[in-house]
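**Q** Here is my input; please provide its structure:
(one chain, ligands or ions: 1)
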Amino acid sequence: MTSELSKISNLPLVESQLSPENQVKIRTEIETETNHLLMKMSATTETKFASVYGPVVSWRYGISLGIDPIGPVSTCSFNCAYCQLGEIEVKTKQRQLFIPTEQILADLQPFAPWDVDVITLSGSGEPTLALNLGEILSLVKSLTQRPTLVLTNATLLGNAAVRQELSNADMVSVKLDAVTPEQLRRVDKPVAGIDLPDILAGIAQFRTGYQGQLGIQTMILAEWDAQGLGEYIQVMQSLSPDEIQINVPKRPKPLKRELEGRGNHAEPSAISYPVRVLKCVSSAYLAEFAQEVTRSTGIPVRYR
Ligand code: SF4
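**A** Presented below is the predicted three-dimensional model:
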């Protein structure tokens, strides 16, 4: 396996000699190959994993019981600069079955009678990558009779099957951290083949057919210029979510993958594993940003 990894790490050396089209192709091949190797490595590593965790207190949704449909290996189509999971281990936009629905339902049983405000699909990566997303949502709802919520990065909303499955959720919170391709690349670091126009088109398509409550969540890492804020306001006016949620990276970033990171809302000083605390914009700037968005869109904005 070591020799296979060294072959992959040598590929970028020749990448600069290729056409842009072939660079994308080779980057995709590197990602796919790396993902396969990580999968093989994780299969040989014994990890204690439970697909239900918490409850945790969410600043947006109250007391939330978490469901992790992804599993012990963090897997996402983004690798956000601020991700509370640390560096994402498997970066992919391919959907697959990670955790069987029966296992999730069995893991939910000890939490009965589910005295929480919401049951949230999030966990160790992007929940819409799970092929059993729709099945999980409808069976969890039948079993618990609690409102369901999905936190998604919106990268798969261009897929009609994903939109249809996601519409089983009572609430959906969609991440949108960028209004320019450069901002998307810097903040969210998507896998090859994901771009901002597709993300925006996917959210708009989902918005059109969705009957539940739609929130747009935006993480602010640094102050935005006036043009960026203006574009953001236009996007919000056009998407017209029920609520906008603006926040700063209060949860520290683990230096390596920690399963606990998926639901850890503790203060950095109370966290037992090594983390990096991220710099935040001032509370005054955040309040100013939020007030301008509220004033210009008329959409309720929550921020912290
Ligand atoms: S979308 Fe969520 S899980 Fe994926 S990298 Fe970003 S913060 Fe982490």
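**Q** Those residues of this protein touching the ligand, which are they?
**A** Listed as neighbours of the ligand in the chain under the rule C-beta under 6 Å from any ligand atom: Cys76, Phe78, Asn79, Cys80, Cys83, Leu85, Ile88, Gly125, Glu126, Asn153, Lys175. For every residue, glycine as well, the C-beta is placed using N, CA and C.
**Q** Strands along the chain, start to end?
**A** Along the chain, the segments classed as strands by DSSP state E run 52-58, 62-67, 75-76, 90-91, 118-121, 148-152, 171-175, 213-219, 243-247, 253-254, 275-276, 301-303.
**Q** I'd like to know which elements the fourth one is packed against.
**A** Just to be clear, that refers to strand 90-91. Applying 3 or more C-beta pairs under 8 Å, 6 or more residues apart in numbering; DSSP states H and E, one finds that strand 90-91 contacts helix 20-43, strand 75-76.
**Q** per-stretch mean pLDDT over the ones you listed, give me the minimum one.
**A** Ranked by mean pLDDT, those end with helix 20-43 in last place, scoring a mean of 45.
**Q** you'd agree Ile233 is up against Gln291?
**A** No: if you go by C-beta atoms under 8 Å, Ile233 and Gln291 don't touch, sitting 11.9 Å apart.
**Q** in the stretch 151-300 of the chain, which ranges drop under the pLDDT threshold?
**A** 263-269 (pLDDT under 70).
**Q** swap the cut-off to 50 and go again
**A** Nowhere does the stretch 151-300 of the chain drop to pLDDT under 50.
**Q** How about it: which residue is closest to the ligand?
**A** Here the stretch 151-300 of the chain gets closest to the ligand at one residue, Asn153, 3.8 Å apart by C-beta to the nearest ligand atom.
**Q** burial of that residue, as a residue count?
**A** 24 (other C-beta atoms under 10 Å).
**Q** likewise Arg146?
**A** Neighbours of Arg146 (other C-beta under 10 Å): 18.
**Q** what do you get for the one 4 residues further on?
**A** Counted with other C-beta under 10 Å, the neighbours of Val150 add up to 24.
**Q** hey, what's it bridged with?
**A** Counting by DSSP bridges, Val150 is bridged to Leu121, Val172.
**Q** Quick check, it in contact with Gly123.
**A** No: applying C-beta under 8 Å, one finds Val150 not in contact with Gly123, separated by 10.7 Å.
**Q** so who does the residue of the stretch 151-300 of the chain closest to the ligand touch?
**A** By C-beta atoms under 8 Å, 6 or more residues apart in numbering, Asn153 lies in contact with Cys76, Ser77, Phe78, Glu126, Val174, Lys175, Asp188.
**Q** Angles on the backbone of the third one, please.
**A** In other words, Phe78. Here is the backbone geometry of Phe78 (degrees, to the nearest 10): phi -110, psi 170.
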